[in-house]
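Asks: Just to be clear, the model below is a prediction. Sequence and coordinates:
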Amino acid sequence: MTEERALQSLERLDAAARCKASPRELDSIFDALVEAYASLSEGARKRVRQVYNTCSCWGTSDFWMENPSHILRFREHGRIEDLRRALAHYSLSDGYPDARDAIVGMSDLMAYADRHGVDPGPVFSEIAVISNPDGTWGLQKYMQDTRYESG
């Protein structure tokens with residue numbers, strides 16, 4: 001998959017969010033974006049991360065005020081696909097605007113996983129390898145170093 005196709009998926013996602021598409025449609029487009037993102041070189045992923053944070057609708061606080069985030073959905077239902085989407089959002093946003101919030105959010109995901117009896121380790125590992133290896137806050141390292149131990 002090419003960088004151009006990943007950026008097209010991102011444009012589709014932002015447009016669908018602006019048009020208030022259904023959660024199922026947004027998930028489908030987001031999943032395609034993550035698949036494309038995962039197949040890119042690190043240089044291309046870096047460019048996609050930069051564009052991701054400029055979306056006019058998707059991922060903005062106004063959007064999430066009206067829609068349940070993947071974190072909240074994982075907390076509620078414990079579906080592994082929502083865990084993957086939440087971590088992919090952190091990877092794509094590179095922790096923007098405040099990586100400390102992303103780190104707290106990932107800690108929350110661990111607690112929710114424990115509550116639902118889900119082993120999040122494989123998903124953290126999967127998303128860590130496609131995350132920014134040079135990030136200031138070390139989200140990739142945090143994901144890699146996260147060890148799941150049931151409460």
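Replies: Received the coordinates, thanks.

Asks: Just the element for W58, please.
Replies: Under DSSP states H and E, no helix or strand contains W58.

Asks: Now it: closest residue in space that isn't a chain neighbour?
Replies: A17 (4.1 Å; CB to CB, 6 or more residues apart in numbering). Any C-beta I mention is one placed from the backbone N, CA and C, and that applies to glycine too.

Asks: Which pLDDT value goes with that neighbour?
Replies: Turning to A17, the model gives it a pLDDT of 92.

Asks: Can you list the buried residues in the helix or strand hosting it?
Replies: Here A17, judged by DSSP H and E, is contained in helix 3-18. Neighbour-count burial for helix 3-18, counted by 16 or more other CB atoms under 10 Å, picks out E3, A6, L7, S9, L10, R12, L13, D14, A16, A17.

Asks: and these as TSV, adding distance to S28?
Replies: Output for these, formatted as TSV (distance: CB to CB, whole Å):
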residue	distance to S28
E3	21
A6	15
L7	17
S9	10
L10	14
R12	10
L13	10
D14	15
A16	9
A17	13
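
Asks: backbone phi and psi for C55, please?
Replies: phi -60, psi 140 (degrees, to the nearest 10).

Asks: can you pull the contacts of the nearest residue to it once chain neighbours are set aside?
Replies: Spatial nearest neighbour of C55, excluding adjacent residues (CB to CB, 6+ apart): D14 at 4.4 Å. By CB atoms under 8 Å, 6 or more residues apart in numbering, the residues touching D14 are C55, S56, C57, W58.
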